[in-house]
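Peer 1: compute the structure for the input listed below.
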Amino acid sequence: MAKKKDEKTNVMRILDQKKVPYTPHFYEEGQGPEGTREYGVHVAQALGQDPARAFKTLVAKGASGGYYVFDIPTPDSLDLKKAARAAGEKSVELLAVKDITAVTGYIRGGCSPVGMKKRYPTVFHETALDFETIYISAGKIGAQVEIEPQALLGLLRAETADIVV
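Peer 2: As a prediction, the model looks like this:
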């Protein structure tokens, strides 16, 4: 699908501003069972992507009250114990859907690690570095960006760890 000027998201504007190269990808909303793990896999497949290269963004609250961002491949599930260890917390709990927008500025299904209201400690699953490029949400449902993981991790000052089940 051709990129239209009005389709540029805040994520894309931030990446442009920071001179981080990316390729935008757009899809029709409703491609798959929204709100499920299968939704991300379905979207990746609809765009001709390897689901292991498409990363979903999850936000958790630590026992200390701090927020953390975890990005994992769409087919996988976050291991809360491993995530807590990676964050240096006693425990972490996924954010309730009703709190996502207030904490991140994004809606469920369109949450990106780039451009949240505040910069939170961010951890990508270690497999992100196995690929030349990965896909993340462009900040709205229907848009993704393909980006080099090293450039993304550098921009976010993110770390990697084994954080999936």
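Peer 1: any idea which residue sits dead centre in this structure?
Peer 2: Centroid-nearest residue in the chain, with C-alpha atoms, centre = their mean: Thr57, separated by 3.1 Å.
Peer 1: tell me where the longest helix sits in this structure.
Peer 2: The longest helix of the chain (DSSP state H) is helix 37-46.
Peer 1: show me what the strand or helix carrying Arg13 is packed against.
Peer 2: When elements are assigned from DSSP states H and E, Arg13 belongs to helix 10-17. Counting contacts by 3 or more C-beta pairs under 8 Å, 6 or more residues apart in numbering; DSSP states H and E, helix 10-17 is packed against strand 22-26, strand 143-147. To be clear about C-beta, it is placed using only N, CA and C from the backbone, and glycine gets the same treatment.
Peer 1: out of those strands, nearest to Lys98?
Peer 2: strand 143-147 (23.3 Å; C-beta to C-beta).
Peer 1: neighbouring strands - and their directions - for the closest one?
Peer 2: When sheet partners are counted by DSSP bridges, strand 143-147 sits next to strand 22-26 (antiparallel), strand 134-137 (antiparallel).
Peer 1: for stretch 83-97, which positions count as buried?
Peer 2: Ala83, Ala84, Arg85, Ala86, Ala87, Glu89, Val92, Leu95 (16 or more other C-beta atoms under 10 Å).
Peer 1: what is the helix or strand that contains the third one packed up against?
Peer 2: In this structure, Arg85 is located in helix 80-87 according to DSSP H and E. Helix 80-87 is packed against strand 55-62, strand 67-73, strand 92-94, strand 122-125, strand 159-161, with contacts defined by 3+ C-beta pairs under 8 Å, 6+ apart.
Peer 1: contacts for the longest helix of the chain next, please.
Peer 2: Contact partners of helix 37-46, identified using C-beta atoms under 8 Å, 6 or more residues apart in numbering, comprise 27, 31-33, 50-51, 53-54, 56, 74-75, 77, 109, 135, 144.
Peer 1: surely Val145 meets Thr23?
Peer 2: Yes: between Val145 and Thr23 there is a contact under C-beta atoms under 8 Å: 6.9 Å.
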